[in-house]
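Colleague: Below are the sequence and a predicted model; questions follow.
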Amino acid sequence: MANRNELVARDESYGSSSEEEEDDRHIQVEAGYTQVDVDEESSEHEDAAEGVDEDNDDEEEDDDEEENDSEADEDEEEPRLKYTRIVDLPPTLFSSDPLSSFLAHEQFLVFATHGGTLHITTPDLKPIRTYRAHSASILALSTDGTVIASASLDGRVVIASVADAKDISASDFLRPVHAVSLDPNFQTSRTFVSGGTACSLILSEKGWLGRQSDTTLFHGEGPIDATDWTGDVIIAMNDTGIHLYHAPTKSRISRIALPKDAPRADLYRPRISWISTSKLLVGWAYSIWIIKVIKIGDSKVAVGNSSVATVSERKSEVETILSIDSLVSGIARYDDDSLLILSYNPPPPATEDNSKPLALTPEIRLVSPTSGEEFSADQLSLRGYERLGANDYHLGVWNGTRSGERKFYILSARDGVIATERDENDKFDWLMEKQKYEEAWQMSQTLVDNTRRRDIGIRWIESLIAADNWREAGAVLKRVLGATPMPPAASENDDEESELEKTLREEWERWAWVFVTGGHVSDIANHLPVSSPELSSVIYEMVLGYYLTNDKEQLYVFLDKWPIDIYDAKSIIVSMESKLKEEDDRRLRRNIAKLYVSIGDPNAAILHLLHIQDPAAINLIRDQHLLLSMLPAIPEILTINLSRDELESSPVSIIRQKSAEAVDLVVEGRLELLPEKVVEQVMMAGMEVMAFLYLERLREVDGFAAQGFADLQVNLYAEYDRPKLLDFLKKSNSYNFEKASEICERREYIPELVYLLGKTGQNKKALMLTINRLQDVDQAITFAKSQDDKDLWTDLLDYSMDKPKFIRALLEQAGTAIDPITLVKRIREGMPIEGLKPALQRILHEYDLTLSIAYGAAMILNGEVEGYSQRLRSGRARGLKFDVDDLEKFKSSDTLIKFSCGHLFSQRELLTKSGPPGEDEDVWPGGTVPSVIKSVAQKVTHLAFIREKLKSKECPTCAEERVKSMI
């Protein structure tokens, strides 16, 4: 069951007439109507008030009702309709002459009274005309759009034109008429049906000479309580049920019986509403029928004396029968999924305490047409409802000419309201009335201006805070204040704050103070704006101070998220450094360093980073070029990735790996921070190993810069990386040999000392150290080879002749440095030498291999020489083919000669007596050139002759050009 929405009607004036001016009479109505004593109207309201007071004397019950009301407000559903009380009707209507019937047409409205008067108005309640058609209550109205038919207890049916007051006619049926319906084509047919206490349904038509002809469709089944006519279907209701008639054939389509438990039919008037020309709604007492009228075929009927017309035959089906818990006082289609019902709630049974119970408020209900499920219900506090009956209420539907334009007129004998479908503005007003600010704000974007919408949002926030829901209030504050669009700046350099920006900033600051001073910083901090608008820096500083004390993790989040320029970073740094005195926190120092960098003080940042050995200090020093200013902190920089234990106990390889980045930084800055200063600071700090690693890297990058530290490096290599000492001694010439020798001798580094003695010319001493101290014949031989000293080899041979092991090593490794034959001859005969045979075999094999290689090389060389010689001879003997451009000037028997310059001549031109060179001899031995040269011998002789003749000659053309150029 849907919630009841109570309409609190406005107490509007209904007219200027007083009670003294009202008729001093009683309006007697039939069953279903309430007897209304006009003179006692005021007392009725007093009685109603007394009854309410009597039922609510207990103060505790009042409190309970208030609590229930507040709970109901929370769960209350929005009404589907909005209501406006009718106040523009004639003063007597609803007062001295209560309403008895109502009709709504798209062009006009008709209000009929118990006094027999009809008031016709426009749909907006402007009067068209008023006339009195009856002497008693009007119980039914009907129209075709041009005339209005009214039926009354006085037994008459009056049909009057809407526009022409003179066009009026009446039919007297001598008995009270309860129902009347005009033919939809009344203008041409002049036909209507009516019925009442005469228990007959009468079809009235105009006959010959304009006389009315009445036909009784049925009779004797009880009073006719209601009729309606749509299309070619007439519907009528009486005690026996619902009757459907086919107008063209004047035959009954069907009869639908009433429920067995239905009350007497004449107690409550039926209510009829057509959904379409083929479907209608009938509400009667506690039941609702949805009836469908179906076309089943065509038939021919007589029209007049000789005409025959084809008409459609009909049948009816009951689609749905619904039962509700109240009396139906009106019914209409609301939409495809719901019906609108004006329901009447009768008074409860009388009790000893209340012998005259009052009727309950009428309701407008929306129910499902299939299941009867109630979607909503609105209670209507119509004036005087306490003493009205079900038949005193009327529901009319006005459909305008525009699509979707529709009004529901809900009227009682004493009051009336107009119900219309609620639009967005109505929903918005209802939400505001019910303090549903969230929904109101969400839908207000297109309904109100930004200022009004912001005020609604503020109310929403206030309601959340009142409910102690600070977290959601903070989020809503961002939504509300952030939803106001900011105006674009007049120019890029326009820093002046607009009025709107000022308003938003002040609103933000006001609410920020509310949250901060209320102890709800965490509920607002994430929502504070940092630009457009930017708030007072004090607010941001208070938030950061709160988190510094209560939640440092959140402090770090906001320091990363917020721009540095919205708060006083220096004051925050002071607070954070004070916090360090209580607790040395690595992350806190790191964030202090970030702030120092942000305000342009990287030196202070580096000190904090070095304190916690944060590698970020290295990049900061490099990026900001701060190495020179960091001279006192060089030891800390070099060991930033090393703990004290690692520095003292880890292998040099580990220390080198972990300090590589820092060492590279200092080495890169050698021109900025001189190596002498670096070494001095490191040695003063007792970090010789770091001095060693620094100088080692400096020598790799810039050997010249490291030359001045060679003696120190010798000592450091000897201390920290002896395997690299010998290589350093060999590659460096900057150290003092005596000092180096002293260091090696003191430490008994014999290989290094041997190398140093060799460098200073003490070869024999070095050789003896190798032999005596190291007992390493291989190294001794290597040393002898490196010195290339015959006397040294002699000393080595002399020393080795009584040592078979040395003799064998010399045989295997001496190679070409000494003559193997000399070495073998010096071996004492009979001396046992282990491995002598393999050694001699190796020597012989090496010599044989050497000879084989030399022979092979000679063979390859001879082969290449012979090949190149053959190519030379072939090239010289091979003729060359060339093209002749001017072939016509030569004879076919001529031998052609081409110079390297490209000029071409015949042999006759060059070599005969008459040729260009002017030679005296002939071109051929003997003086005459044979006409045909056939044999190879002749060709060879001829070629040799030409070569010989041209040996000292040059191209005649080139010679002539050279001479010309000289002239």
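Modeller: Yep, it's here.
Colleague: Please enumerate the strands of the stretch 801-950 of the chain.
Modeller: With strands called from DSSP state E, counting those that start in this stretch, the stretch 801-950 of the chain shows them at 896-898, 904-906.
Colleague: what packs against the strand or helix carrying residue 364?
Modeller: Using DSSP states H and E, residue 364 falls within strand 363-367. Strand 363-367 sits against strand 338-344, strand 374-380, with contacts defined as 3 or more C-beta pairs under 8 Å, 6 or more residues apart in numbering; DSSP states H and E. C-beta coordinates here come from the backbone N, C-alpha and C atoms, glycine included.
Colleague: where along the stretch 51-200 of the chain do the strands fall?
Modeller: Ranges of strands in the stretch 51-200 of the chain, per DSSP E, counting those that start in this stretch, are 81-85, 99-104, 109-113, 117-121, 127-132, 138-143, 147-152, 156-161, 168-172, 177-182, 192-196, 200-206.
Colleague: For those, give me TSV that also has distance to residue 579 and mean neighbour count.
Modeller: Converted to TSV, the strands of the stretch 51-200 of the chain look like this (distance: least, C-beta to C-beta, whole Å; neighbours: other C-beta atoms under 10 Å):
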stretch	distance to residue 579	mean neighbour count
strand 81-85	62	18
strand 99-104	79	22
strand 109-113	80	26
strand 117-121	81	20
strand 127-132	84	14
strand 138-143	88	26
strand 147-152	91	26
strand 156-161	95	22
strand 168-172	99	14
strand 177-182	92	27
strand 192-196	97	28
strand 200-206	98	19
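Colleague: out of the ones you listed, nearest to residue 229?
Modeller: Closest of those to residue 229 is strand 177-182, at 4.0 Å (criterion: C-beta to C-beta).
Colleague: isn't residue 627 right next to residue 666, touching?
Modeller: Yes: Residue 627 is within contact range of residue 666, at 6.9 Å (criterion: C-beta atoms under 8 Å).
Colleague: May I have the distance across stretch 90-99, first residue to last?
Modeller: Stretch 90-99 has an end-to-end distance of 11 Å (C-alpha to C-alpha, to the nearest Å).
Colleague: Which helix or strand in this structure has the lowest average pLDDT?
Modeller: Ranking every helix and strand in the chain by mean pLDDT, DSSP states H and E puts strand 26-27 at the bottom, with a mean of 29.
Colleague: which one of the helices and strands packed on strand 363-367 is the most hemmed in?
Modeller: strand 338-344 (a mean of 24; mean count of other C-beta atoms under 10 Å).
Colleague: Next, the angle from it to strand 363-367.
Modeller: 150 degrees (axes from the mean of the first three to the mean of the last three C-alpha atoms, to 10 degrees).
Colleague: what pairs with strand 338-344, and is each one parallel or antiparallel?
Modeller: Here strand 338-344 is paired, per DSSP bridges, with strand 327-335 (antiparallel), strand 363-367 (antiparallel).
Colleague: Make sure residue 363 is actually in contact with residue 380.
Modeller: Yes: counting by C-beta under 8 Å, residue 363 touches residue 380, with 6.7 Å between them.
Colleague: confidence score at residue 493?
Modeller: Residue 493 carries a pLDDT score of 51 in this model.
Colleague: do the same with residue 84
Modeller: pLDDT, residue 84: 92.
Colleague: same deal with residue 250?
Modeller: For residue 250, pLDDT reads 88.
Colleague: what's the closest non-adjacent residue to residue 319?
Modeller: residue 290 (4.5 Å; C-beta to C-beta, 6 or more residues apart in numbering).
Colleague: What pLDDT does the model give residue 741?
Modeller: 85.
Colleague: Give me the neighbour count for it.
Modeller: Around residue 741 there are 21 other residues, counting by other C-beta atoms under 10 Å.
Colleague: where's it, which helix or strand?
Modeller: Counting by DSSP H and E, residue 741 is part of helix 737-747.
Colleague: which helices and strands sit right next to that helix?
Modeller: Using 3+ C-beta pairs under 8 Å, 6+ apart as the contact criterion, the elements in contact with helix 737-747 are helix 710-720, helix 750-759.
Colleague: Can you say which of these is packed in most?
Modeller: helix 750-759 (a mean of 22).
Colleague: Distance from that helix to the middle of the chain?
Modeller: Averaged C-alpha coordinates place helix 750-759 at 76 Å from its chain's average position (C-alpha atoms, centre = their mean, to the nearest Å).
Colleague: Can I get it in PDB? Just the C-alpha atoms.
Modeller: Output of helix 750-759 as PDB, limited to C-alpha atoms (Å, rounded to 0.1, in the frame of the first residue of the first chain):
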ATOM      1  CA  ILE A 750     108.300  -9.600  -4.100                       C
ATOM      2  CA  PRO A 751     106.800  -9.500  -7.700                       C
ATOM      3  CA  GLU A 752     106.200  -5.800  -7.400                       C
ATOM      4  CA  LEU A 753     109.700  -5.300  -5.900                       C
ATOM      5  CA  VAL A 754     111.300  -7.300  -8.700                       C
ATOM      6  CA  TYR A 755     109.600  -5.100 -11.200                       C
ATOM      7  CA  LEU A 756     110.800  -1.900  -9.400                       C
ATOM      8  CA  LEU A 757     114.400  -3.300  -9.200                       C
ATOM      9  CA  GLY A 758     114.300  -4.100 -12.900                       C
ATOM     10  CA  LYS A 759     113.100  -0.500 -13.700                       C
END
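Colleague: Just the angle for that helix relative to helix 710-720, thanks.
Modeller: Going by the same axes, to 10 degrees, helix 750-759 makes 160 degrees with helix 710-720.
Colleague: Let the chain start at 730 from now.
Modeller: Taking 730 as the first residue, the last one we looked at is helix 1479-1488.
Colleague: by contact count, what packs against helix 1479-1488?
Modeller: helix 1454-1460, helix 1466-1476, helix 1492-1497, helix 1506-1516.
Colleague: switch the cut-off to 10 Å
Modeller: With contacts taken as 3 or more C-beta pairs under 10 Å, 6 or more residues apart in numbering; DSSP states H and E, helix 1479-1488 sits against helix 1439-1449, helix 1454-1460, helix 1466-1476, helix 1492-1497, helix 1506-1516.
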